[in-house]
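>>> Show me how the following folds:
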Amino acid sequence: MERNEQLHEEAEEALDQINKKTGRNMPQAIGTAVLLIALILGALLFSIDLFVLLVVVFMILALWELRVDFATVGLHIPVIMLWICSAGTLLATYYAPYHLITMSLSIIVSIILVAIAASAKISFGNRLSLAVAGKLSNTDASARLESSFNHDGGELHHSRLSHVAVSVLTVLYIPLLASCIIIPLTFNGHPVAHAIMLVFLPALSDTGGLFAGAWLGKHKLSPRISPKKSVEGLIGSMLFAMAGAFAVFACTYDSSAWTTRWWVPIAAGILIGTVGTFGDLCASMLKRDIGIKDMGHLLKGHGGVMDRVDSILMSAPFTCALLWVTGL
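Next up is the predicted model:
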């Protein structure tokens, strides 16, 4: 009996050490990851249309998180207009016959409509106020102190142009980058393989960076922005993404592709590992500037939707361009 209790205590201590090294609740993170993988793979196996709809749903959730995050420092983005424009852009990009042209026109129209809505600064109900209160109550005091908005009246003195600028940035961050997840589903006849490369390789890269950084990380990559990021973690991110790219390549393309484009998985691993890490750093810089720890709380062990998709969104245009240029 005493032996079992001792083993239990040792296991708890080991788990606490792992959680401290990774900065996450690992059992929760693994459980959430398994559910997300099952959901995405189920959508892909059932129908590409369902996967597109899933992307739309995730982007809508991500926009709400950004709405709450910006509101904590008094910045307003017109979330309803952003929902309409984002859903319209992603669906039109997939279903319209001229995908790239449709995406470009949709983004231009979205920027105009969102800018007009942001300048009007209209809000509905008190749901946002409750969400902001909940966000602030769960935010570390140290994070709030590091916010660039941490000064008297800092949340009150924003010009109308500031709200418009943040809203336009949101259009470029969410619907534009998410459209680069949709575009590869429409060319070269490998939508499932492309979707896996776009969604799972950045996630695999994050996993590689997490474990390599936790166990081998000694040289800090950017200690001011993200103290846990390390050079060893970046290398781990590249290697894991590269291994995943080789696996997708082997399961999708024939021997002729291996003969002439064997280098593509290597390029994909380097691109996704580098850009995904840069995306994480950008998100960390935004969170630090606002004064929050996580973008949201919807995904247990991962934070919010934005905490999970930041590297996916940043990697998407580069992966899309690589697949397009190489004809894969």
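
>>> worst-scoring helix or strand of this structure, pLDDT-wise?
Ranked by mean pLDDT, DSSP states H and E, the weakest helix or strand in the chain is helix 141-146, scoring a mean of 50.

>>> Could you list the buried residues of the next helix or strand after it?
For helix 141-146, the following helix or strand on the C-terminal side (DSSP states H and E) is helix 160-171. Judged by neighbour count (16 or more other CB atoms under 10 Å), helix 160-171 contains these buried residues: 163, 164, 166, 167, 168, 170, 171. Heads up, the C-betas are built off the backbone N, CA and C, glycines and all.

>>> Spell out the residue ranges of the strands in the stretch 151-300 of the chain.
Using DSSP state E, counting those that start in this stretch, the strands of the stretch 151-300 of the chain run over 220-222, 226-230.

>>> Packed most tightly, which of these would that be?
Ranked by average neighbour count under the criterion mean count of other CB atoms under 10 Å, those are headed by strand 226-230 at a mean of 19.

>>> thinking in terms of the whole chain, how far from its middle is that one?
17 Å (CA atoms, centre = their mean, to the nearest Å).

>>> Also stretch 79-94?
18 Å.

>>> which residues are contacting that stretch?
Outside stretch 79-94, the residues that touch it by CB atoms under 8 Å, 6 or more residues apart in numbering are 49, 52, 55-56, 59-60, 63-64, 67, 99, 102-103, 106-107, 109-110, 113-114, 117, 124, 167, 170-171, 174-175, 178-179, 182-183, 185-186.

>>> Derive a PyMOL selection command for the buried subset of these.
In PyMOL syntax, the buried subset of the contacts of stretch 79-94 is picked out as below (16+ other CB under 10 Å):
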select buried, resi 52+55+56+59+60+63+64+67+99+102+103+106+107+110+113+114+117+167+170+171+174+175+178+179+182+183+185+186
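
>>> show me where pLDDT drops low in the stretch 51-200 of the chain?
121-157 (pLDDT under 70).

>>> now the helices for it?
Using DSSP state H, counting those that start in this stretch, the helices found in the stretch 51-200 of the chain span residues 79-95, 99-120, 127-137, 141-146, 160-171, 177-182, 191-216.

>>> tally of neighbours for the closest residue to residue 102 other than its chain neighbours?
Spatial nearest neighbour of residue 102, chain neighbours left out: residue 96 (3.8 Å); criterion: CB to CB, 6 or more residues apart in numbering. Other residues near residue 96 come to 15 when the count uses other CB atoms under 10 Å.

>>> How about residue 44?
Residue 44 has 19 neighbours, counted by other CB under 10 Å.

>>> For it, what are phi and psi?
phi -70, psi -40 (degrees, to the nearest 10).

>>> which residues touch it?
By CB under 8 Å, 6+ apart, the contact set of residue 44 is 50, 51, 192, 195, 196.

>>> what's near enough to touch residue 286?
Counting by CB under 8 Å, 6+ apart, residue 286 has contacts residue 69.

>>> what's the spacing between it and residue 96?
For residue 286, the distance to residue 96 (CB to CB, to the nearest Å) stands at 32 Å.

>>> With residue 304 instead?
Residue 304 is 31 Å from residue 96, by CB to CB.

>>> Equivalent analysis for residue 80, please.
Per CB to CB, residue 80 is found 23 Å from residue 96.

>>> got it, and residue 84?
Taking CB to CB, one finds residue 84 at 17 Å from residue 96.

>>> Need the per-residue pLDDT for residue 250.
Note on residue 250: pLDDT of 88.

>>> ok, back up a step: export the helices of the stretch 51-200 of the chain to CSV and tack on distance to residue 318?
Shown next, in CSV, are the helices of the stretch 51-200 of the chain (distance: least, CB to CB, whole Å):
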stretch, distance to residue 318
helix 79-95, 18
helix 99-120, 16
helix 127-137, 31
helix 141-146, 30
helix 160-171, 19
helix 177-182, 9
helix 191-216, 10
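
>>> Please find the angle between the direction vectors of whatever helix or strand residue 34 lives in and helix 191-216.
In the assignment (DSSP H and E), residue 34 maps to helix 26-46. With axes from the mean of the first three to the mean of the last three CA atoms, to 10 degrees applied, the angle from helix 26-46 to helix 191-216 works out at 170 degrees.
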